[in-house]
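Q: next input, structure requested:
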Amino acid sequence: MGNYINPGNNGFSEIRNDVYVDKTALISQINQIINTPRRLICISRPRRFGKSFAAQMLCAYYGKTCDSSMLFDDLAIAGDAQYRNHLNRYDVIYLDMTEVIGEATITDIVPYIQRNIVRELAEQYPALKVAEGFAATLANAAKTAKNKFIMIIDERDAPIREAKEHPDLQKKYLEFLRSLFKNSGMTSKIFAAAYMTGILPIKKDGSQSAISDFWEYSMIKPRQFGKYVGFTEDEVKNLCCRYGSNFAKMKQWYDGYSFQNLASVYNPNSVMKALFNHDFDSYWTQTSAAESLMGYINLDFDGLGKTIAELIGGVEAKVDTNGFANDLVTFRDRNDVLTLLIHLGYLAYNDETQTVHIPNKEIRLEFAKAVRQTKRNDTIL
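A: Numbering: from 1, shown residues only. Take a look at the predicted model:
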(Lines give C-alpha, C1' and ligand atoms only; values in the text may rest on other atoms or scores of the structure.)
Protein backbone atom coordinates (compact mmCIF):
# COMPACT_ATOMS: atom_id res chain seq x y z
CA MET A 1 0.00 0.00 0.00
CA GLY A 2 1.18 3.51 -0.78
CA ASN A 3 0.26 7.07 0.02
CA TYR A 4 -1.22 7.79 -3.38
CA ILE A 5 -1.43 4.40 -5.10
CA ASN A 6 -3.76 1.98 -3.31
CA PRO A 7 -3.77 3.69 0.10
CA GLY A 8 -5.80 0.80 1.53
CA ASN A 9 -8.83 0.70 3.79
CA ASN A 10 -7.52 2.08 7.08
CA GLY A 11 -9.40 5.35 6.66
CA PHE A 12 -12.75 3.68 6.11
CA SER A 13 -12.01 1.12 8.83
CA GLU A 14 -11.68 3.96 11.34
CA ILE A 15 -14.95 5.44 10.08
CA ARG A 16 -16.66 2.08 10.60
CA ASN A 17 -15.26 1.87 14.13
CA ASP A 18 -17.29 4.95 15.04
CA VAL A 19 -20.97 5.79 14.61
CA TYR A 20 -21.60 5.18 10.93
CA VAL A 21 -24.51 6.12 8.68
CA ASP A 22 -24.57 3.73 5.72
CA LYS A 23 -23.90 5.67 2.51
CA THR A 24 -22.53 2.74 0.53
CA ALA A 25 -25.35 2.92 -2.02
CA LEU A 26 -23.17 5.64 -3.53
CA ILE A 27 -20.86 2.83 -4.68
CA SER A 28 -23.69 1.39 -6.77
CA GLN A 29 -23.94 4.69 -8.62
CA ILE A 30 -20.21 4.64 -9.38
CA ASN A 31 -20.25 0.98 -10.43
CA GLN A 32 -22.84 1.83 -13.07
CA ILE A 33 -20.52 4.26 -14.84
CA ILE A 34 -17.30 2.19 -14.79
CA ASN A 35 -15.87 1.80 -18.30
CA THR A 36 -18.67 3.86 -19.85
CA PRO A 37 -18.60 7.34 -21.47
CA ARG A 38 -20.00 8.59 -18.13
CA ARG A 39 -16.91 7.44 -16.23
CA LEU A 40 -15.97 10.95 -15.04
CA ILE A 41 -17.95 12.25 -12.02
CA CYS A 42 -17.53 15.56 -10.15
CA ILE A 43 -19.41 16.11 -6.88
CA SER A 44 -19.39 19.57 -5.26
CA ARG A 45 -20.67 20.23 -1.77
CA PRO A 46 -19.77 22.42 1.25
CA ARG A 47 -17.12 21.73 3.84
CA ARG A 48 -18.16 19.27 6.54
CA PHE A 49 -20.69 17.54 4.28
CA GLY A 50 -18.93 14.18 4.07
CA LYS A 51 -16.76 14.55 0.96
CA SER A 52 -13.69 12.93 2.51
CA PHE A 53 -15.71 10.14 4.15
CA ALA A 54 -17.07 9.19 0.73
CA ALA A 55 -13.61 9.32 -0.85
CA GLN A 56 -12.14 7.03 1.80
CA MET A 57 -15.06 4.63 1.39
CA LEU A 58 -14.41 4.40 -2.35
CA CYS A 59 -10.69 3.82 -1.77
CA ALA A 60 -11.48 0.95 0.57
CA TYR A 61 -13.99 -0.62 -1.82
CA TYR A 62 -12.04 -0.46 -5.07
CA GLY A 63 -8.39 -0.79 -3.97
CA LYS A 64 -7.00 -4.20 -4.89
CA THR A 65 -4.17 -4.39 -2.33
CA CYS A 66 -6.55 -4.96 0.59
CA ASP A 67 -9.49 -7.19 1.46
CA SER A 68 -12.38 -4.97 2.48
CA SER A 69 -15.17 -7.54 2.51
CA MET A 70 -15.48 -7.38 6.30
CA LEU A 71 -16.06 -3.63 6.06
CA PHE A 72 -18.83 -3.86 3.46
CA ASP A 73 -20.54 -7.24 3.80
CA ASP A 74 -23.06 -5.92 6.34
CA LEU A 75 -23.82 -2.69 4.48
CA ALA A 76 -26.29 -1.72 1.77
CA ILE A 77 -23.84 -2.19 -1.10
CA ALA A 78 -23.57 -5.91 -0.30
CA GLY A 79 -27.09 -6.37 -1.66
CA ASP A 80 -26.12 -5.00 -5.07
CA ALA A 81 -25.76 -7.58 -7.83
CA GLN A 82 -22.45 -6.01 -8.89
CA TYR A 83 -21.00 -5.87 -5.36
CA ARG A 84 -18.40 -8.65 -5.73
CA ASN A 85 -17.58 -7.80 -9.34
CA HIS A 86 -15.82 -4.58 -8.36
CA LEU A 87 -14.79 -5.15 -4.73
CA ASN A 88 -10.99 -4.74 -4.41
CA ARG A 89 -10.43 -5.19 -8.16
CA TYR A 90 -8.65 -1.96 -9.17
CA ASP A 91 -5.53 0.07 -8.64
CA VAL A 92 -6.68 3.29 -7.00
CA ILE A 93 -4.99 6.66 -7.34
CA TYR A 94 -6.06 8.80 -4.39
CA LEU A 95 -5.24 12.51 -4.10
CA ASP A 96 -6.45 14.62 -1.19
CA MET A 97 -5.46 17.99 -2.61
CA THR A 98 -5.55 19.76 0.76
CA GLU A 99 -3.03 17.20 2.00
CA VAL A 100 -0.89 17.62 -1.11
CA ILE A 101 -0.82 21.38 -0.56
CA GLY A 102 0.40 20.72 2.98
CA GLU A 103 3.21 18.51 1.72
CA ALA A 104 4.35 20.47 -1.35
CA THR A 105 4.94 24.13 -2.01
CA ILE A 106 2.26 25.81 -4.08
CA THR A 107 4.74 26.09 -6.99
CA ASP A 108 5.59 22.36 -6.89
CA ILE A 109 2.14 20.75 -6.63
CA VAL A 110 2.02 19.13 -10.08
CA PRO A 111 5.64 17.90 -10.17
CA TYR A 112 5.21 16.60 -6.61
CA ILE A 113 2.14 14.57 -7.58
CA GLN A 114 3.79 13.20 -10.70
CA ARG A 115 7.05 12.24 -8.93
CA ASN A 116 5.34 10.42 -6.10
CA ILE A 117 2.80 8.56 -8.22
CA VAL A 118 5.47 7.38 -10.67
CA ARG A 119 7.71 6.32 -7.78
CA GLU A 120 4.94 4.29 -6.12
CA LEU A 121 3.92 2.71 -9.42
CA ALA A 122 7.52 1.70 -10.12
CA GLU A 123 7.75 0.12 -6.67
CA GLN A 124 4.53 -1.82 -7.20
CA TYR A 125 5.28 -2.78 -10.81
CA PRO A 126 9.06 -3.15 -11.29
CA ALA A 127 8.54 -4.01 -14.98
CA LEU A 128 6.78 -0.68 -15.60
CA LYS A 129 8.14 1.32 -18.53
CA VAL A 130 8.30 4.93 -17.38
CA ALA A 131 7.48 7.13 -20.36
CA GLU A 132 8.44 10.73 -20.96
CA GLY A 133 4.88 11.91 -20.33
CA PHE A 134 2.94 11.31 -17.12
CA ALA A 135 -0.27 10.18 -18.84
CA ALA A 136 1.71 7.79 -21.03
CA THR A 137 3.33 6.30 -17.91
CA LEU A 138 -0.13 5.74 -16.39
CA ALA A 139 -1.25 4.07 -19.62
CA ASN A 140 1.79 1.77 -19.45
CA ALA A 141 1.00 1.01 -15.81
CA ALA A 142 -2.60 0.09 -16.65
CA LYS A 143 -1.31 -2.23 -19.39
CA THR A 144 1.27 -3.79 -17.05
CA ALA A 145 -1.30 -4.29 -14.27
CA LYS A 146 -3.92 -5.56 -16.74
CA ASN A 147 -6.57 -3.29 -15.26
CA LYS A 148 -7.45 0.38 -15.46
CA PHE A 149 -7.30 2.84 -12.58
CA ILE A 150 -10.02 4.26 -10.37
CA MET A 151 -8.93 7.84 -9.64
CA ILE A 152 -10.26 9.72 -6.64
CA ILE A 153 -9.41 13.41 -6.20
CA ASP A 154 -10.75 14.91 -2.99
CA GLU A 155 -10.97 18.74 -2.74
CA ARG A 156 -9.89 19.07 -6.39
CA ASP A 157 -10.41 22.86 -6.33
CA ALA A 158 -8.15 23.47 -3.30
CA PRO A 159 -5.14 24.43 -5.48
CA ILE A 160 -7.35 26.87 -7.43
CA ARG A 161 -8.45 28.53 -4.20
CA GLU A 162 -4.93 28.51 -2.74
CA ALA A 163 -3.34 30.00 -5.86
CA LYS A 164 -6.04 32.58 -6.58
CA GLU A 165 -3.37 35.29 -6.86
CA HIS A 166 -1.20 33.13 -9.14
CA PRO A 167 -2.99 32.41 -12.44
CA ASP A 168 0.14 30.81 -13.87
CA LEU A 169 0.10 28.15 -11.14
CA GLN A 170 -3.64 27.60 -11.64
CA LYS A 171 -2.97 27.09 -15.33
CA LYS A 172 -0.29 24.45 -14.66
CA TYR A 173 -2.62 22.54 -12.36
CA LEU A 174 -5.47 22.69 -14.88
CA GLU A 175 -3.16 21.57 -17.68
CA PHE A 176 -2.25 18.60 -15.50
CA LEU A 177 -5.93 17.67 -15.16
CA ARG A 178 -6.43 18.19 -18.87
CA SER A 179 -3.64 15.75 -19.69
CA LEU A 180 -5.49 13.10 -17.70
CA PHE A 181 -9.15 13.70 -18.39
CA LYS A 182 -9.45 15.37 -21.77
CA ASN A 183 -7.02 13.23 -23.68
CA SER A 184 -8.88 11.29 -26.34
CA GLY A 185 -6.00 8.91 -26.81
CA MET A 186 -5.28 8.20 -23.16
CA THR A 187 -8.21 8.77 -20.79
CA SER A 188 -10.16 5.65 -21.75
CA LYS A 189 -6.98 3.56 -21.64
CA ILE A 190 -6.06 4.73 -18.14
CA PHE A 191 -9.27 5.14 -16.15
CA ALA A 192 -12.17 2.83 -15.45
CA ALA A 193 -13.69 5.76 -13.55
CA ALA A 194 -12.75 9.02 -11.88
CA TYR A 195 -14.50 10.62 -8.90
CA MET A 196 -13.69 14.20 -7.90
CA THR A 197 -15.01 16.35 -5.09
CA GLY A 198 -14.81 20.08 -4.50
CA ILE A 199 -16.58 22.98 -2.85
CA LEU A 200 -17.49 24.75 -6.08
CA PRO A 201 -18.59 23.38 -9.45
CA ILE A 202 -16.23 23.53 -12.42
CA LYS A 203 -15.69 27.08 -13.71
CA LYS A 204 -17.82 28.22 -16.63
CA ASP A 205 -15.48 30.73 -18.24
CA GLY A 206 -13.33 28.20 -20.05
CA SER A 207 -10.28 28.39 -17.79
CA GLN A 208 -11.18 25.00 -16.36
CA SER A 209 -12.28 23.49 -19.66
CA ALA A 210 -9.64 20.88 -18.88
CA ILE A 211 -12.25 19.02 -16.88
CA SER A 212 -15.41 19.89 -18.77
CA ASP A 213 -16.02 16.25 -19.69
CA PHE A 214 -17.03 15.48 -16.11
CA TRP A 215 -20.65 14.89 -15.22
CA GLU A 216 -21.32 17.45 -12.48
CA TYR A 217 -23.57 17.26 -9.41
CA SER A 218 -23.78 20.30 -7.13
CA MET A 219 -25.79 21.75 -4.25
CA ILE A 220 -28.03 23.32 -6.89
CA LYS A 221 -28.41 20.18 -9.02
CA PRO A 222 -27.35 17.08 -7.02
CA ARG A 223 -29.82 14.89 -8.92
CA GLN A 224 -29.41 11.18 -8.05
CA PHE A 225 -26.55 12.03 -5.67
CA GLY A 226 -28.76 14.18 -3.43
CA LYS A 227 -29.20 11.48 -0.77
CA TYR A 228 -25.41 11.34 -0.32
CA VAL A 229 -24.95 15.09 0.29
CA GLY A 230 -25.93 14.93 3.95
CA PHE A 231 -28.13 12.92 6.30
CA THR A 232 -31.73 12.22 5.33
CA GLU A 233 -34.59 12.66 7.78
CA ASP A 234 -34.93 8.91 8.37
CA GLU A 235 -31.21 8.62 9.05
CA VAL A 236 -31.38 11.42 11.63
CA LYS A 237 -34.47 9.94 13.26
CA ASN A 238 -32.66 6.62 13.63
CA LEU A 239 -29.63 8.32 15.16
CA CYS A 240 -31.78 10.27 17.62
CA CYS A 241 -33.65 7.13 18.62
CA ARG A 242 -30.42 5.17 19.04
CA TYR A 243 -28.68 7.80 21.15
CA GLY A 244 -31.64 9.33 22.98
CA SER A 245 -31.40 12.74 21.34
CA ASN A 246 -34.28 15.17 20.80
CA PHE A 247 -35.28 14.85 17.14
CA ALA A 248 -37.40 18.03 17.12
CA LYS A 249 -34.41 20.09 18.26
CA MET A 250 -32.12 18.31 15.82
CA LYS A 251 -34.48 19.28 12.99
CA GLN A 252 -34.70 22.88 14.16
CA TRP A 253 -30.93 23.26 14.38
CA TYR A 254 -29.55 21.31 11.41
CA ASP A 255 -32.28 20.54 8.83
CA GLY A 256 -33.39 22.86 6.03
CA TYR A 257 -31.72 21.68 2.84
CA SER A 258 -33.89 19.96 0.26
CA PHE A 259 -33.48 18.47 -3.20
CA GLN A 260 -35.75 16.91 -5.78
CA ASN A 261 -37.60 13.96 -4.18
CA LEU A 262 -35.74 14.61 -0.92
CA ALA A 263 -37.57 17.00 1.37
CA SER A 264 -35.11 17.17 4.28
CA VAL A 265 -31.32 17.03 4.28
CA TYR A 266 -29.26 17.67 7.43
CA ASN A 267 -25.72 18.91 7.95
CA PRO A 268 -23.96 15.63 8.91
CA ASN A 269 -21.03 17.18 10.75
CA SER A 270 -23.28 19.22 13.03
CA VAL A 271 -25.67 16.31 13.68
CA MET A 272 -22.82 14.05 14.78
CA LYS A 273 -21.27 16.70 17.02
CA ALA A 274 -24.63 17.39 18.65
CA LEU A 275 -25.00 13.66 19.36
CA PHE A 276 -21.50 13.24 20.77
CA ASN A 277 -21.55 16.46 22.80
CA HIS A 278 -25.16 16.10 24.00
CA ASP A 279 -25.50 19.77 23.10
CA PHE A 280 -27.30 21.64 20.33
CA ASP A 281 -25.03 24.46 19.21
CA SER A 282 -23.63 26.16 16.14
CA TYR A 283 -20.77 23.92 15.06
CA TRP A 284 -20.56 25.71 11.73
CA THR A 285 -18.49 28.47 13.30
CA GLN A 286 -15.67 25.93 13.71
CA THR A 287 -15.19 25.65 9.94
CA SER A 288 -12.90 27.93 7.96
CA ALA A 289 -15.78 28.81 5.64
CA ALA A 290 -17.46 30.69 8.50
CA GLU A 291 -14.62 33.21 8.62
CA SER A 292 -15.44 34.53 5.14
CA LEU A 293 -19.21 34.96 5.54
CA MET A 294 -18.97 38.57 6.66
CA GLY A 295 -16.88 39.49 3.64
CA TYR A 296 -19.37 38.01 1.20
CA ILE A 297 -22.51 39.57 2.66
CA ASN A 298 -20.81 42.97 2.83
CA LEU A 299 -20.06 43.12 -0.90
CA ASP A 300 -21.33 46.39 -2.34
CA PHE A 301 -24.23 45.31 -4.53
CA ASP A 302 -27.57 47.12 -4.66
CA GLY A 303 -30.18 45.26 -2.68
CA LEU A 304 -27.84 42.69 -1.12
CA GLY A 305 -28.01 44.17 2.37
CA LYS A 306 -31.80 44.26 2.27
CA THR A 307 -31.92 40.68 0.98
CA ILE A 308 -29.67 39.45 3.80
CA ALA A 309 -31.87 41.18 6.38
CA GLU A 310 -34.98 39.56 4.88
CA LEU A 311 -33.32 36.14 4.87
CA ILE A 312 -32.39 36.46 8.53
CA GLY A 313 -36.03 37.36 9.19
CA GLY A 314 -37.18 34.12 7.57
CA VAL A 315 -38.16 35.44 4.14
CA GLU A 316 -37.19 33.55 0.97
CA ALA A 317 -35.42 35.45 -1.81
CA LYS A 318 -35.44 34.96 -5.56
CA VAL A 319 -32.10 34.07 -7.13
CA ASP A 320 -30.76 33.49 -10.63
CA THR A 321 -27.94 30.94 -10.33
CA ASN A 322 -27.13 30.70 -14.05
CA GLY A 323 -24.52 33.46 -14.32
CA PHE A 324 -22.27 32.43 -11.44
CA ALA A 325 -18.65 31.93 -12.56
CA ASN A 326 -18.03 29.17 -9.98
CA ASP A 327 -15.16 30.89 -8.20
CA LEU A 328 -14.59 32.92 -5.04
CA VAL A 329 -13.60 36.20 -6.66
CA THR A 330 -15.82 36.92 -9.68
CA PHE A 331 -19.02 38.65 -8.58
CA ARG A 332 -21.23 40.75 -10.83
CA ASP A 333 -24.35 41.21 -8.71
CA ARG A 334 -26.30 39.95 -5.71
CA ASN A 335 -27.28 36.76 -7.58
CA ASP A 336 -23.63 35.68 -7.74
CA VAL A 337 -23.16 36.23 -4.00
CA LEU A 338 -26.33 34.31 -3.13
CA THR A 339 -25.32 31.48 -5.47
CA LEU A 340 -21.90 31.23 -3.81
CA LEU A 341 -23.60 31.02 -0.41
CA ILE A 342 -25.67 28.09 -1.71
CA HIS A 343 -22.50 26.20 -2.66
CA LEU A 344 -20.90 27.06 0.68
CA GLY A 345 -23.97 25.70 2.51
CA TYR A 346 -25.05 29.00 4.05
CA LEU A 347 -28.22 29.12 1.99
CA ALA A 348 -30.58 26.36 0.88
CA TYR A 349 -31.92 26.41 -2.67
CA ASN A 350 -35.39 25.48 -3.85
CA ASP A 351 -35.14 24.40 -7.47
CA GLU A 352 -38.90 24.58 -8.09
CA THR A 353 -39.34 28.17 -6.90
CA GLN A 354 -35.77 29.28 -7.67
CA THR A 355 -35.50 30.85 -4.24
CA VAL A 356 -33.06 30.67 -1.34
CA HIS A 357 -33.56 30.68 2.42
CA ILE A 358 -31.46 30.28 5.53
CA PRO A 359 -31.85 26.57 6.25
CA ASN A 360 -31.84 26.33 10.04
CA LYS A 361 -31.10 27.87 13.42
CA GLU A 362 -27.40 27.08 13.27
CA ILE A 363 -26.84 29.05 10.07
CA ARG A 364 -29.16 31.86 11.12
CA LEU A 365 -26.93 32.41 14.17
CA GLU A 366 -23.90 32.66 11.91
CA PHE A 367 -25.60 35.29 9.75
CA ALA A 368 -26.65 37.26 12.82
CA LYS A 369 -23.09 37.19 14.20
CA ALA A 370 -21.70 38.39 10.88
CA VAL A 371 -24.16 41.29 10.78
CA ARG A 372 -23.36 42.27 14.39
CA GLN A 373 -19.64 42.23 13.59
CA THR A 374 -20.26 44.45 10.57
CA LYS A 375 -22.10 46.98 12.74
CA ARG A 376 -19.30 46.97 15.32
CA ASN A 377 -16.73 47.59 12.57
CA ASP A 378 -18.81 50.46 11.16
CA THR A 379 -19.05 52.01 14.65
CA ILE A 380 -15.27 51.83 15.10
CA LEU A 381 -14.69 53.46 11.72
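
Q: okay, which residue is most central for this structure?
A: T197 (3.5 Å; CA atoms, centre = their mean).

Q: which residue is the nearest non-sequential neighbour of that one?
A: K51 (4.2 Å; CB to CB, 6 or more residues apart in numbering). Heads up, the C-betas are built off the backbone N, CA and C, glycines and all.

Q: before we move on, what about N31?
A: Nearest non-adjacent residue to N31, counting by CB to CB, 6+ apart: Q82, 4.9 Å away.

Q: ok, the one you found - how many residues close by?
A: 13 (other CB atoms under 10 Å).

Q: distance of it from A54?
A: 18 Å (CB to CB, to the nearest Å).

Q: I117 too?
A: Taking CB to CB, one finds I117 at 22 Å from A54.

Q: name the residue in those two with the higher neighbour count.
A: A54 (25 against 20).

Q: surely that one and Y228 touch.
A: Yes. A54 sits in contact with Y228 when judged by CB atoms under 8 Å, with a separation of 6.7 Å.

Q: got any residues that touch both of the two?
A: K23, L26, I43 (CB atoms under 8 Å, 6 or more residues apart in numbering).

Q: in stretch 250-268, what counts as buried?
A: In terms of neighbour count (16 or more other CB atoms under 10 Å), stretch 250-268 has its buried residues at 250-251, 253-259, 264-268.

Q: again, but for stretch 271-288
A: V271, M272, K273, A274, L275, F280, S282, Y283, W284, T287.

Q: any stretches of this structure with poor pLDDT?
A: Applying pLDDT under 70 to the chain flags residues 204-210, 285-291, 374-381.

Q: which residues of it fall in strands?
A: 40-44, 91-96, 149-154, 191-198, 215-217, 231-232, 257-259, 262-266, 317-318, 348-350, 355-357 (DSSP state E).

Q: closest one to T107 among those?
A: Between T107 and these, the shortest separation by CB to CB is 17.6 Å, and it involves strand 91-96.

Q: how far off centre is the closest one?
A: Relative to the chain's own centre, strand 91-96 is displaced by 15 Å; criterion: CA atoms, centre = their mean, to the nearest Å.

Q: what angle do that strand and strand 149-154 make?
A: 10 degrees (axes from the mean of the first three to the mean of the last three CA atoms, to 10 degrees).

Q: could you list every helix and strand in contact with strand 91-96?
A: helix 51-62, helix 109-124, helix 134-145, strand 149-154 (3 or more CB pairs under 8 Å, 6 or more residues apart in numbering; DSSP states H and E).

Q: relative to strand 191-198, how tilted is that strand?
A: Going by the same axes, to 10 degrees, strand 91-96 makes 10 degrees with strand 191-198.

Q: quick one: the helices in the stretch 151-300 of the chain, in order.
A: Along the stretch 151-300 of the chain, counting by DSSP state H, counting those that start in this stretch, helices occupy 158-162, 167-181, 187-190, 233-243, 247-254, 268-277, 293-297.

Q: can I get the buried residues of stretch 271-288 in CSV with distance to T355?
A: Shown next, in CSV, are these (distance: CB to CB, whole Å):
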residue, distance to T355
V271, 25
M272, 29
K273, 29
A274, 28
L275, 31
F280, 27
S282, 24
Y283, 26
W284, 21
T287, 25
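
Q: what does stretch 19-29 contact?
A: Contact with stretch 19-29 is made by 50, 53-54, 57-58, 61, 72, 75-78, 80, 82, 86, 224-225, 227-228, 231, 235, 239, 243, 268, 272, 275, as judged by CB under 8 Å, 6+ apart.

Q: just the buried ones among these, please.
A: Applying 16+ other CB under 10 Å to these flags 50, 53-54, 57-58, 61, 72, 75, 77, 80, 86, 225, 227-228, 231, 235, 239, 268, 272, 275 as buried.

Q: for I43, what are its contacts?
A: With CB under 8 Å, 6+ apart, I43 has these contacts: K51, A54, Y195, M196, T197, G198, Y217, F225, Y228.
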